[in-house]
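Engineer: could you look at this predicted model? Sequence included:
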Amino acid sequence: MGCRREIRGRWASSGLDEVCFGFDKDWLDSVERRALFSDIKVSQDALQKLLDSKQQVSKEVEVLRLKIDILSQHVEDLKHQLTTSETVLKSIIQEEAQVLETKATFIAPLGY
């Protein structure tokens, strides 16, 4: 009839020769484990806090990497724009020099 245990000894002195109590072995084992290993529970709680922190920081790292990738791409785009603008500026400076040279030729007196 399930798990039953006879308890004798100190109960016998009170007139109870044999007393049987039903119990759940799994429940009793869990109580025993909790009593013997209560600091493991604390360790499990600490581990869970660490795992939660790890997950949060991992998400933050992922977001920061994404932001860095976006900024890096933006920097590359700006470098390309700078190179293009510098090339256009050189071309404008050369054209300006040619215009000034041509203008100087028209203004200069003709040598006889």
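Structural biologist: Good, I have the coordinates.
Engineer: CA only for contacts and neighbour counts going forward, please
Structural biologist: Noted.
Engineer: do a quick rundown of the strands in this structure.
Structural biologist: Using DSSP state E, the strands of the chain run over 4-7, 19-22.
Engineer: which of the ones you listed has the lowest mean pLDDT?
Structural biologist: Sorting these by mean pLDDT places strand 4-7 lowest, at a mean of 45.
Engineer: any idea of the mean pLDDT for the lengthiest helix in the chain?
Structural biologist: For the chain, the longest helix by residue count, based on DSSP state H, is helix 38-107. For helix 38-107, mean pLDDT rounds to 93.
Engineer: which other helices and strands does that helix contact?
Structural biologist: Helices and strands touching helix 38-107, by 3 or more CA pairs under 8 Å, 6 or more residues apart in numbering; DSSP states H and E: there are none.
Engineer: any idea how far that helix is from the chain center?
Structural biologist: How far helix 38-107 lies from its chain's middle: 21 Å, per CA atoms, centre = their mean, to the nearest Å.
Engineer: gap between residue 103 and residue 93?
Structural biologist: 15 Å (CA to CA, to the nearest Å).
Engineer: what is the neighbour count of residue 79?
Structural biologist: 12 (other CA atoms under 10 Å).
Engineer: ok, it - contacts?
Structural biologist: For residue 79, the contact set (CA atoms under 8 Å, 6 or more residues apart in numbering) is empty.
Engineer: could you measure from it over to residue 97?
Structural biologist: Following CA to CA, the distance that separates residue 79 from residue 97 is 27 Å.
Engineer: and what of residue 26?
Structural biologist: Applying CA to CA, the value for residue 26 to residue 97 is 96 Å.
Engineer: who has more neighbours, the two?
Structural biologist: Higher neighbour count among residue 26 and residue 97: residue 97, with 12 against 9, using other CA under 10 Å.
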